[in-house]
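Engineer: Below are the sequence and a predicted model; questions follow.
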Amino acid sequence: LCLVILAGCGVTKPSRFYILTPVEDSSAAAITTPGPALGVGPVTFPAYLERPEIAHRSGDNQLQYAGSHRWAEPLNTTFSRTLAENLSSMLPTDRTQLHPWPRSARLDYQVTVDVLRFEADAGGTVVLVAGWKVIRLTDNVVVNRNRTTYTETAGTFDYPAIVAAQSRALQRLSRDITATIRRTGNTGE
């Protein structure tokens, strides 16, 4: 009986792995001009988010990590790649590079992001707080520096729904960055 009880205590839940989802790519086939050349990064995260488990807040000053719900790759990687895919689709452009890019790369803009918060609260509402810059590299001018907060409701405290809400928050950030690049007037060559 003791062996059966001990064996039952040693069973762990199978891990589930998640990635962020980019916007649906409806304009990729319509790219007729190359669009601006973008460098995305560096993208930084606070150390508490640099772990494989998905983090959520259980109170104002308390975090929980979902042991069996994990990022399929480092959060920084999935965030950067998804941001680049979103920008590429929204502008549109077929010239996007992730940091670090080769020295020979000829870029029009660099987008840097400093993520300050990117997790759900106890009610399932996702909060993305990020400081970001768009730098026009032809003259090294910061065309926009901003700090924005986005909230998205997951509708339930369910990890697939939370990651979907995180993807929507990142899409909103991507739209704001796209609008800044479009306002500068150099959206293609």
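Structural biologist: Thanks, I have it. Numbers count the residues shown, from 1 in each chain.
Engineer: how about Val115, phi and psi?
Structural biologist: Note on Val115: backbone dihedrals following degrees, to the nearest 10 are phi -80, psi 130.
Engineer: Return the distance of it relative to Thr93.
Structural biologist: With distances taken as Cβ to Cβ, to the nearest Å, Val115 is found 23 Å from Thr93. In short, each C-beta sits where N, CA and C put it, glycine included.
Engineer: Ok, Phe118 next?
Structural biologist: Distance from Phe118 to Thr93, by Cβ to Cβ: 25 Å.
Engineer: List the contacts of the nearest residue to Thr149 once chain neighbours are set aside.
Structural biologist: Distances taken as Cβ to Cβ, 6 or more residues apart in numbering put Val129 closest to Thr149, at 4.9 Å, once the chain neighbours are dropped. Applying Cβ atoms under 8 Å, 6 or more residues apart in numbering to Val129 gives the contacts Val115, Leu116, Arg117, Phe118, Arg147, Thr148, Thr149, Tyr150.
Engineer: One more: Thr44?
Structural biologist: By Cβ under 8 Å, 6+ apart, the neighbours of Thr44 are Asn76, Val113, Asp114, Val115.
Engineer: By neighbour count, which of the residues you listed wins?
Structural biologist: The residue in these with the most neighbours, by other Cβ atoms under 10 Å, is Val113 (22 neighbours).
Engineer: how about Ala55, secondary structure?
Structural biologist: At Ala55 the chain is in strand, as set by DSSP: H, G, I helix; E, B strand; the rest coil.
Engineer: my guess is it meets Leu49, correct?
Structural biologist: Yes: under the criterion of Cβ atoms under 8 Å, Ala55 makes contact with Leu49 at 5.9 Å.
Engineer: list residues touching both of those two?
Structural biologist: Glu119.
Engineer: What's the local residue count around Asp121?
Structural biologist: Counted with other Cβ under 10 Å, Asp121 comes out at 16.
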